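*Asks:* model the following, please.
(chains A and B)
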Amino acid sequence: MTEKLQKYTKKLANGFEIEIVPLPGFNQVYSVVMANFGSVDTKQGAKTLPAGIAHFIEHKLFAKPGYDVSEKFAKYGANSNAYTSYTKTAYLFQTLENPYDNLKTLLDLVQNPYFTEENVASERGIINQEIQMYLDMPEFVLEQRILEQLYPNDPIAEDIAGTSDTLQMINQKNLLQAYQDNYRPSNMDLVIVGDVDSEKIENIVENSNFQTLGQPLEKTFNKLTPIGPGGQEQMDISQARSAYGIRIDIDMSGYDLVKKQYEMNMVMETLIGESSSNYQEMNRLGIIDDSFSYNVVAENNYCFIIISGSTNNSEEFQEYLQKHLSYESLKAVLTDTKFERIKRDAIGAYLFAQNSPEAIANQMAELYFYGVDYLELIHMINSIHRDDLLEVSEQFLKDENCTYYNLLPNRK
Amino acid sequence: MKKRLAKNIFLNINPIKKFRTIKIQIDFLRPLNKDEMTSRRLLANVLSNSTKDYPSFQAINDREMDLYGSEISVYTRNLLNFNDLAFSVEFADPAFLIDGKTQIKDNLDLLGEVIFKPNLNGPVFNDEAFSTEKRNLMSNLLSIKDNQDLVSSLGLIKLIYRDDPNRQVPIFGSVEQLEKLNNDDLLKTYRDIIANDLVIINVVGNIDETEFLEYLNESIFAEKLKNDRNDLTISFSKFDDLIKNPANQIEHKHLNQSRIGLAYATEGVSKDFNRMAPQVMNLILGGDDQSQLFLQVREKNSLAYSVSSTYQPISHLVTIQAGLDASSIEEALALIDAQIAYIKNGKVTDEQIKHAQKVMLTRRKISTDSIQYYIMRSIWETIYPQTLLSNQQFEDELNNLDKKHVASVASHMHAIAQYQLIGD
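*Replies:* So this is what the prediction gives:
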C-alpha cells in the first residue's frame, strides 16, 4: 500500500487550530479558515439575530478601509472565495505562489471587520439578487419547504441568505456584534493543503491579531417543535418535485455524531441508493427519475435526511418511501455481502476525495469541530458493523419522524 | 505511450503518479448531426443502465461498489463540430487498497461490458432498460424549463447558431425527437457508432503501460476496435450574417429574477495577433472578481449577484451572462457597453494586464492538478493539435502581450445576439 497522507497540527494558546497537509505532486496551495458559526446561529445568549446575518458577514468581511481583500489576493496570485452553511462560515484561497502573503491576507480577511453604513447598504442589493436567484430554483424552494415541515419555526428553515425583509434588519451594529461574538480563535480553525513550511505558517498566525479572545457566546437552540404534517403548493414549474423528510432527534455530538452520519448514509444507500432494488423499482414504476437523491445532515441539534427528486406522481413517491423505509426492509436486504459492498464504496469515496486539495481542506476544517481527524476517517468506516446499521434504522425509521412536501406544476 | 490501434483509433497512456484514482476514458466522435443528438444521448443512458452480464441497474451498481466505488460515466458533449459520446471509468488506485490486485483489469473489463456488451433482448435493447431511460431522459428534458440559467444560455445558443441547423438541437436532445425514437432505431445507432466513429482511448494514473497494454490486448477492446474508422474534418461556424443582422429575442416568464445573455463575435487569430489576447481581454472584461463587469455591475452598482463573461477559443465568441431585476436591465446593458468601451479605448491599466497574465498562468498550472486535464489535453493533441500551446509558447505569448493587443480584441467585437428572459 502507498503511504497515506500526513499532517502537521498545532493548537495555539488562544485556541486556534492549524492543520497542514502536504500533497506531493500537486502544484497548488489551498487554504481555508472556518468559523463555527452559520445560518442557524441566530440565538446567542439573550440575543436574537436576523436571519442571514452569518452570510452577510461572509460577504462583507471582504471590505476593508480603502481596499477589498480580493484585490490583495489577486495581487499575490491567488483566487479567493467564501461560503456559508447552516453551521459554518468558510474563507479560502487557492494559489501557486506567495502562500505566506496570501495567508496573511486570509487572516486579515477574518480578523479585521470594516462594516460601514454605506458598504452594508450596497451589499443588501447584491445579496437580495442572490436570494431572488435561488427563489427561481425549485430544488432550493423544496428544500426550504421540507425543512419548514421538519423544523417548524426554527432558524434552519430560513434561507441561509435570509429574506428581503431580514436583510433590512441587518446593520453595521449587529454585524459587528455577531462578528465579535463568534469570530474568536477558539471558535475557528485553519487548514492548508500543499507544500508549505509549517514553522513559517505558525509564526504568521502567532503574530496575527485576533480582535476578540475568549470563548464565543453560547449558542441557544430553539426547543424543537413537533414535526409538521406535510404539505404541498403550486409553482410555475413543468415537472413536479417531491421531498420526503426524516428528522432524527438524538442527543449526540462530536465523533459519535459523525459516525452516526456515516451509518445513516449506509442505511440510505442500502435502502434507496442506486444499487438498491427500491431505486430500480421506483424507476420502473416511473415514480422517480435520475434526479432522485438523498442527503443526510448531522449537526449539533439538527440531524435529518431529505430524499427528493422530480416525479410524475407525488402521492406514489411519498407512499412508496413511507412503506419501504423501515427497519424490516433493511433487515431483509442487508446481507453480509451487501454490507461489505457499501463499506467498499465508502472507502473508495474517501480515496476519490483525496484527489482534491479543496475537498481535503474543507472536510478537514469541518471535522475538526466534531473532534474527528479527517486522516483517520478510514478507521471510522472500518469500525462500522452491519448490526450498527440495523440498530440505527430501528431507532429512526419510524412514521412519526417523517414528513413530506410536494411542489406541483401550476397548470394555469 | 501513444499508439494507433487502427486508422483513427488512438490509444494514449499517461502513467502519472500523483492521483489516488485511475481513469480510463473512451471517446467516440463523429460530426454533429441534429438528427442524432437525442439518439446518442439516449444511447449513453441505456448503455450505462445495464449490460449483458450485469442485466439490471442494480447489478451494474453492485459491481461498481464491489470495485471500491468505481464511477462509470457515459454522456455526450460538443467537441469542435463533433458529437462526442464519452465512456469512462474512474477507480481507486490499487496501490492504496489492501486487496486491489485485479482492480485495473476488473475496471477495464467493466468499461468494456458497458460499451460492447449491451443488455439485448433479441434484436432490441432490453425493454425495461430502454423504457426506463427514455422516460428518464424525457423527464430531464422537461425539467430544463425549470432551470432558468440553462433556459437563458440555451436561448442565447439558439440565436448564435441561427444559421446552423445541426446546432439548433442541444447536445442532450429534444422532446420532439425523443418521442419518435424507438428501440430498433436505437440499436441501429449503436451498431453504427461502434463500427464507424473515430475512437480515442485515454488512460491516466498510476499504471504500468506494458501491463495495461497486455490487459487491453486480452480484453474485448482488442476484438471490437480493430477496424479502420472514418476521418473527421474540422469546420468552424461563421457569424458574418449575424454581424450584419444581429439576432435578438425577449421572452417573458413568471420569475423572481431576469436573465440576460449577450454574444459577440471576435476576429480570429492571425499571424501578427497575440494568441492570448482574447482570453486576457475576456478576463479583464468579466472573467473573475477583479473584472470590469464584476466591479462595476455588481460591486459598485449592486445590480446583480452573478455577472460574468466567457471566451470560447474555438468559436472566438465572447458571451456575457447576468441575473438581475427586470427594472435594471437597461442600466446593466449600458454598463456592459461602457466596460467594453473602456477596454476598446485603451483605458485598461498596466496592473489589470499584469493581473490577467498572472491569473491565466495560475489557472493553467492549477488545472494540471486534475486528472481530467490530462485526458482533455490528450484529446486535443489527437484531433486538433494546432490549438495547443506548449508551456513555453503560452508564457511567451502572455509576456509579449500589451494593452494594444487587448484593446484590439475589444475593437473587433461585434454584437451578434442578445437574449433576455424577463421575470414578471
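*Asks:* okay, CA-based contacts and neighbour counts for the rest of this
*Replies:* Will do.
*Asks:* give me the beta-bridge partners of B:His414?
*Replies:* B:Ala265 (DSSP bridges).
*Asks:* again but with A:Leu407, I slipped
*Replies:* Residues in beta-bridge contact with A:Leu407 (DSSP bridges): A:Glu233, A:Arg241.
*Asks:* my read is that it contacts A:Asp236, right?
*Replies:* No. Counting by Cα atoms under 8 Å, A:Asp236 is not a contact partner of A:Leu407; they are 9.4 Å apart.
*Asks:* which one of the two is surrounded by more residues?
*Replies:* A:Leu407 (25 against 19; other Cα atoms under 10 Å in any protein chain shown).
*Asks:* residue contacts, residue 406?
*Replies:* If you meant another chain, say so; for now it's chain A. Shown in contact with A:Asn406 (Cα atoms under 8 Å, 6 or more residues apart in numbering or on different chains): A:Leu142, A:Gly231, A:Gln232, A:Glu233, A:Ala240, A:Arg241, A:Ser242, A:Ala243, A:Ser314.
*Asks:* look at chain B instead
*Replies:* B:Ala277, B:Pro278, B:Val280, B:Met281, B:Ile343, B:Lys344.
*Asks:* centroid residue for chain A?
*Replies:* Computing the C-alpha centroid of chain A and ranking residues by Cα atoms, centre = their mean puts A:Ser85 first, at 4.8 Å.
*Asks:* are any of the contacts of A:Asn406 buried, and which?
*Replies:* Neighbour counting by 16 or more other Cα atoms under 10 Å in any protein chain shown classes A:Leu142, A:Gln232, A:Ala240, A:Arg241, A:Ser242, A:Ala243, A:Ser314 among the contacts of A:Asn406 as buried.
*Asks:* the fifth one contacts A:Glu316, correct?
*Replies:* It stands for A:Ser242. No. Distance between A:Ser242 and A:Glu316: 10.2 Å, which falls outside the contact criterion (Cα under 8 Å).
*Asks:* correct me, but B:Gly287 touches B:Ser309?
*Replies:* Yes. Taking contacts as Cα under 8 Å, B:Gly287 lies within contact range of B:Ser309: 5.6 Å.
*Asks:* from B:Thr76, how far off is the residue nearest to the centre of chain A?
*Replies:* 33 Å (Cα to Cα, to the nearest Å).
*Asks:* do A:Ser310 as well
*Replies:* Distance from A:Ser310 to B:Thr76, by Cα to Cα: 22 Å.
*Asks:* looking at those two, which is more packed in?
*Replies:* A direct count of neighbours by other Cα under 10 Å for A:Ser310 and B:Thr76 places A:Ser310 higher, at 27 against 24.
*Asks:* just the CA coordinates for the helix or strand where that one lies, please, in CSV.
*Replies:* Using DSSP states H and E, the element containing A:Ser310 is strand A:302-311. Only the C-alpha atoms of strand A:302-311 are listed here, as CSV (Å, rounded to 0.1, in the frame of the first residue of the first chain):
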residue,chain,number,x,y,z
TYR,A,302,-30.0,19.0,13.8
CYS,A,303,-30.0,15.6,12.3
PHE,A,304,-32.2,14.8,9.3
ILE,A,305,-32.4,13.1,6.0
ILE,A,306,-34.0,14.7,2.9
ILE,A,307,-34.9,12.4,0.0
SER,A,308,-36.0,14.3,-3.1
GLY,A,309,-36.4,14.4,-6.9
SER,A,310,-38.6,15.1,-9.8
THR,A,311,-41.6,12.8,-10.0
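*Asks:* contacts for it?
*Replies:* Taking Cα under 8 Å, 6+ apart as the rule, strand A:302-311 contacts A:143, A:146, A:239-250, A:286-298, A:317, B:139.
*Asks:* I figured B:Asn49 was touching B:Ala59, is that so?
*Replies:* No. The pair B:Asn49 and B:Ala59 does not pass the contact test of Cα under 8 Å, sitting 9.5 Å apart.
*Asks:* more neighbours: which of these two?
*Replies:* B:Asn49 (25 against 19).
*Asks:* what's the closest non-adjacent residue to that one?
*Replies:* Leaving aside its chain neighbours, B:Asn49 sits nearest to B:Phe57 (5.1 Å; criterion: Cα to Cα, 6 or more residues apart in numbering or on different chains).
*Asks:* quick one: contacts for that neighbour?
*Replies:* A:Glu274, A:Ser275, A:Gln280, B:Asn49, B:Ser50.
*Asks:* also A:Thr116?
*Replies:* Per Cα under 8 Å, 6+ apart, neighbours of A:Thr116: A:Gln172.
*Asks:* show the pLDDT at it.
*Replies:* With respect to pLDDT, A:Thr116 scores 96.
*Asks:* B:Tyr305 too?
*Replies:* pLDDT for B:Tyr305: 87.
*Asks:* residues in contact with it?
*Replies:* Shown in contact with B:Tyr305 (Cα under 8 Å, 6+ apart): A:Ile126, A:Ile127, A:Gln129, A:Glu130, B:Arg298, B:Gly323, B:Leu324.
*Asks:* ok, 10 Å please
*Replies:* Contact analysis of B:Tyr305 by Cα atoms under 10 Å, 6 or more residues apart in numbering or on different chains lists A:123, A:125-133, B:294, B:297-299, B:322-324.
*Asks:* just those: which are in strands?
*Replies:* Judged by DSSP state E, the subset of those located in strands is B:Ala322, B:Gly323, B:Leu324.
*Asks:* spatially, what comes nearest to residue 29 if we skip its sequence neighbours?
*Replies:* Defaulting to chain A. A:Gly194 (4.5 Å).
*Asks:* I was after chain B.
*Replies:* B:Asp84 (4.6 Å).
*Asks:* same thing with A:Pro229?
*Replies:* Nearest to A:Pro229 is A:Thr403, by Cα to Cα, 6+ apart, at 6.1 Å.
*Asks:* hang on, isn't that neighbour packed against A:Ser242?
*Replies:* No. Under the criterion of Cα atoms under 10 Å, A:Thr403 is not in contact with A:Ser242, lying 11.1 Å apart.
*Asks:* need the residues touching each of these two.
*Replies:* Common neighbours of A:Thr403 and A:Ser242 (Cα under 10 Å, 6+ apart) are A:Ile146, A:Gln318.
*Asks:* where does whatever residue of the stretch 101-250 of chain B ends up closest to chain A land on pLDDT?
*Replies:* In the stretch 101-250 of chain B, the residue that lies nearest chain A is B:Asn136 (5.1 Å; Cα to the nearest Cα). What the model reports as pLDDT for B:Asn136 is 95.
*Asks:* quick one, phi/psi of it?
*Replies:* phi -60, psi -50 (degrees, to the nearest 10).
*Asks:* for the closest residue in space to it that isn't next to it in sequence, grab the count of nearby residues.
*Replies:* Nearest non-adjacent residue to B:Asn136, counting by Cα to Cα, 6+ apart: A:Asp289, 5.1 Å away. Residues lying near A:Asp289 (other Cα under 10 Å) number 23.
*Asks:* ok, B:Glu211 next?
*Replies:* So B:Glu211, with other Cα under 10 Å, has 12 neighbours.
*Asks:* B:Thr102 too?
*Replies:* Neighbours of B:Thr102 using other Cα under 10 Å come to 10.
*Asks:* what about A:Val205, distance to A:Ile305?
*Replies:* 38 Å.
*Asks:* may I have stretch A:47-59 as PDB, with CA atoms only?
*Replies:* Extracted C-alpha coordinates of stretch A:47-59, given in PDB (Å, rounded to 0.1, in the frame of the first residue of the first chain):
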ATOM      1  CA  LYS A  47     -29.700  37.900  21.700                       C
ATOM      2  CA  THR A  48     -31.800  37.100  18.600                       C
ATOM      3  CA  LEU A  49     -30.100  37.900  15.300                       C
ATOM      4  CA  PRO A  50     -31.800  38.500  12.000                       C
ATOM      5  CA  ALA A  51     -31.800  35.500   9.600                       C
ATOM      6  CA  GLY A  52     -29.000  35.800   7.100                       C
ATOM      7  CA  ILE A  53     -26.500  37.600   9.300                       C
ATOM      8  CA  ALA A  54     -23.800  34.900   9.100                       C
ATOM      9  CA  HIS A  55     -24.000  35.000   5.300                       C
ATOM     10  CA  PHE A  56     -24.000  38.800   5.300                       C
ATOM     11  CA  ILE A  57     -20.800  38.800   7.400                       C
ATOM     12  CA  GLU A  58     -19.200  36.400   4.900                       C
ATOM     13  CA  HIS A  59     -19.900  38.900   2.100                       C
END
